[in-house]
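Q: With the sequence up front, the predicted model follows.
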2 protein chains.
Amino acid sequence: MTSDHLSNTFAALADPTRRAILAKLASGEASVTQLAEPFEMSMPAISKHLKVLERAGLIARGREAQWRPCRLEPAPLKQVAGWVEHYRQFWEQSFDRLEDYLRELKTNESRNHESRFKERKNAGKQRKK
Amino acid sequence: MTSDHLSNTFAALADPTRRAILAKLASGEASVTQLAEPFEMSMPAISKHLKVLERAGLIARGREAQWRPCRLEPAPLKQVAGWVEHYRQFWEQSFDRLEDYLRELKTNESRNHESRFKERKNAGKQRKK
DNA sequence: ACCGTATTAAACCTTTTGGTTAAGTAACCG
DNA sequence: CGGTTACTTAACCAAAAGGTTTAATACGGT
């Protein structure tokens, strides 16, 4: 357990069963048995998945007689959204960048082609600890 | 190797070293040595991290003499953003939902209380509280 | 007090992950 | 050519992940 919140969240989301559980919880609370129903998996396996989701803060569990109702806790998802938002420019500008690339091809196709990495060679050589 | 694209993406993101690599690539292409520089980790370890990122489609690698320049590939990040967007309502409406809950408590506290779990089994049991 | 239902815990197994060191490949450079 | 630089592959290891089966716990109904 990384004790790094975002890593725990991503790790919890890196499993289709757990994401399906979250999707189901998006339409309301559910008991463990209800959540387990779509899967061909033993109950303890589901129980473990729920524990992973709980440790990541993605769900909270209550007590209701012998049932343990689960509900979605959106805070870590908000954090994920915030993290990925930093990269939005990269997919929104990708078409522009394709255009840039095509334009560069056109203007450079006869010149010799020494574009992007030549300054890095020198930098690497200078650095010598 | 899940062959599930989104799972691979989340798994790749569930490591602080790999996220730091992506952050660095956000400011431009970089060689493996440059990417490795901030970490107290062997080169093969970095190489493995890059392979994970590459298999997830989060980076692409070129060839430039003896360097292997890496660049960010935003498509999977876009997919993540799309996935998490489905849950936006849950963190934006959380205050409203608290209000809903309080209102529900007020109006339901004398009626019998079969709201959330009634479809499960026998609704006739009375909750004590 | 007992039985059934819901759920978790324990013990175990296999595969994956994340790191290591040591060796291999590939390109440049003098 | 031979050496240096940049990087990957191989072999190995410990720990974590994801599943199993069996057993334990908690509660409600009769």
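A: Nice, thanks for sending it over. As the structure is a computational prediction, the values presented were derived from the model and not from experiment. Residues are numbered from 1 along each chain as shown, chains lettered A, B, ... in the order given.
Q: For chain A, which segments count as helices?
A: A:5-13, A:16-25, A:32-36, A:43-55, A:75-85, A:88-92, A:94-108, A:118-126 (DSSP state H).
Q: Could I get the average pLDDT for the first one?
A: Helix A:5-13 carries an average pLDDT of 98.
Q: what about it, near DNA strand C?
A: No - against DNA strand C, helix A:5-13 shows no contacts by Cβ under 7 Å from any atom of the strand, the least distance being 7.7 Å. C-betas here are computed from N, CA, C, even on glycine.
Q: Please name every helix or strand in contact with that helix.
A: Under the contact definition 3 or more Cβ pairs under 8 Å, 6 or more residues apart in numbering or on different chains; DSSP states H and E, helix A:5-13 sits against helix A:16-25, helix A:43-55, helix A:75-85, helix B:5-13, helix B:16-25.
Q: near DNA strand C, which residues of chain A show up?
A: Looking at DNA strand C, the residues of chain A close enough under Cβ under 7 Å from any atom of the strand are A:31-34, A:43-44, A:47, A:50-51, A:61, A:66-69.
Q: Just name the lowest-scoring one in the residues you listed, pLDDT-wise.
A: Lowest confidence among the residues of chain A next to DNA strand C: residue A:66, with 84.
Q: ok, back up a step: which one of the residues of chain A next to DNA strand C is nearest residue B:24?
A: Comparing the residues of chain A next to DNA strand C against residue B:24 with Cβ to Cβ places residue A:51 closest, at 33.8 Å.
Q: and that closest one, how many neighbours?
A: 12 (other Cβ atoms under 10 Å in any protein chain shown).
Q: ok, now residue A:13?
A: Residues near residue A:13, counting by other Cβ under 10 Å, number 28.
Q: shouldn't it be in contact with residue B:12?
A: No - counting by Cβ atoms under 8 Å, residue A:13 stays clear of residue B:12, with 11.5 Å between them.
Q: quick one: low-confidence ranges for chain A?
A: A:1, A:94-129 (pLDDT under 70).
Q: what's the most buried one of the helices and strands packed on helix A:5-13?
A: Ranked by mean neighbour count, the helices and strands packed on helix A:5-13 are led by helix B:5-13 with a mean of 21 (mean count of other Cβ atoms under 10 Å in any protein chain shown).
Q: Need the residues that contact that one.
A: Here helix B:5-13 makes contact (Cβ atoms under 8 Å, 6 or more residues apart in numbering or on different chains) with A:10-11, A:13-16, A:19, B:1-2, B:18-19, B:22, B:52-53, B:55-58, B:76-77, B:79-80, B:83.
Q: got it, and stretch A:38-53?
A: A:11-12, A:15, A:17-18, A:20-22, A:24, A:32-33, A:35-36, A:59, A:61, A:70.
Q: ok, 10 Å please
A: A:1, A:8-9, A:11-13, A:15-22, A:24-25, A:32-33, A:35-37, A:58-61, A:68, A:70, A:72-73, A:76 (Cβ atoms under 10 Å, 6 or more residues apart in numbering or on different chains).
Q: how far out from the middle of the chain is that stretch?
A: Centre-to-centre, stretch A:38-53 and its host chain are 20 Å apart (Cα atoms, centre = their mean, to the nearest Å).
Q: try stretch A:2-19
A: The answer for stretch A:2-19 is 8 Å, by Cα atoms, centre = their mean.
Q: quick one: is it near DNA strand D?
A: Yes - Stretch A:2-19 reaches DNA strand D (Cβ under 7 Å from any atom of the strand) through A:11, A:14, A:15, A:17.
Q: so which of those residues comes closest to DNA strand D?
A: residue A:15 (4.4 Å; Cβ to the nearest atom of the strand).
Q: so what's residue A:60 bridging to?
A: Beta-bridge pairing of residue A:60 under DSSP bridges involves residue A:71.
Q: what about it, how many neighbours?
A: Count around residue A:60 with other Cβ under 10 Å applied: 13.
Q: what sits against it?
A: For residue A:60, the contact set (Cβ under 10 Å, 6+ apart) comprises A:29, A:53, A:54, A:69, A:70, A:71, A:72, A:73.
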